[in-house]
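*Asks:* quick one: sequence plus predicted model below, questions after.
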Amino acid sequence: MSKTDQTALADFLPYRLSVASNAVSARIAELYRSRFGLTIGEWRIMAVLGEGEALTQRELVGATLMDKVAVNRACKVLEKRELVARTPNPEDGRSHRLDLTDEGRGIYGEVMPLARDIEAQLLAGFTAEEYETMRGLLARLRQQAEHIGSN
């Protein structure tokens, strides 16, 4: 790769977003794995379930933006650890709803303060105004990404 190609890559927004996301995710993954034995994917599933109602795996794919294989794998691990439980979906006899068990809710309750602490450390160098600007820009980027190629 030439120096010009490297410079272009360093300035390429999708690359920079990916690198930043990977850096944050790697640090969080290390903490979640060492303290709770959870992968990022498993934690994402638990976080979504902890914030709301029981969901199907298909709904979890949409909520987490993880691929269905990753969601399936994470759900199986969480179910085996008895952190989530499956119940028949009354709306569709072919699928199941997943929800946190009492033990899963207990871990969720322990992880959330840690997650908020990590967030606070990440944002410590930003003003409240910068944080709000970043939130807005990230939301707009996500929205733009959803429209790419749909013309």
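*Replies:* Here it is on my side, so go on.
*Asks:* and residue 65, how far is that from residue 112?
*Replies:* To residue 112, residue 65 is 20 Å away according to Cβ to Cβ, to the nearest Å. Where C-beta positions appear, they are placed from N, C-alpha and C, glycine not excepted.
*Asks:* so who does the residue nearest to the spatial centre of the chain touch?
*Replies:* Nearest residue to the geometric centre of the chain (Cα atoms, centre = their mean): residue 44, 4.2 Å. Contacts of residue 44 were listed using Cβ atoms under 8 Å, 6 or more residues apart in numbering, and they are 64, 66, 74.
*Asks:* more neighbours: residue 65 and residue 112, which one.
*Replies:* Legend: neighbour count by other Cβ atoms under 10 Å for residue 65 and residue 112, higher for residue 112 (14 against 9).
*Asks:* now the helix or strand the more buried one falls within: buried residues?
*Replies:* Under the criterion DSSP states H and E, the helix or strand holding residue 112 is helix 102-123. For helix 102-123, a neighbour-count test (16 or more other Cβ atoms under 10 Å) marks 104, 107-108, 111, 115 as buried.
*Asks:* grab the longest helix from the protein for me.
*Replies:* Counting residues, the longest helix found in the chain (DSSP state H) is helix 13-36.
*Asks:* which SSE is immediately downstream of it?
*Replies:* The helix or strand immediately downstream of helix 13-36 is helix 40-51, counting by DSSP H and E.
*Asks:* in that next one, what counts as buried?
*Replies:* So helix 40-51, judged by 16+ other Cβ under 10 Å, has buried residues 40-50.
*Asks:* chain center to that helix: distance?
*Replies:* On the basis of Cα atoms, centre = their mean, to the nearest Å, helix 40-51 sits 7 Å off its chain's mean C-alpha point.
*Asks:* tilt between it and helix 13-36?
*Replies:* 80 degrees (axes from the mean of the first three to the mean of the last three Cα atoms, to 10 degrees).
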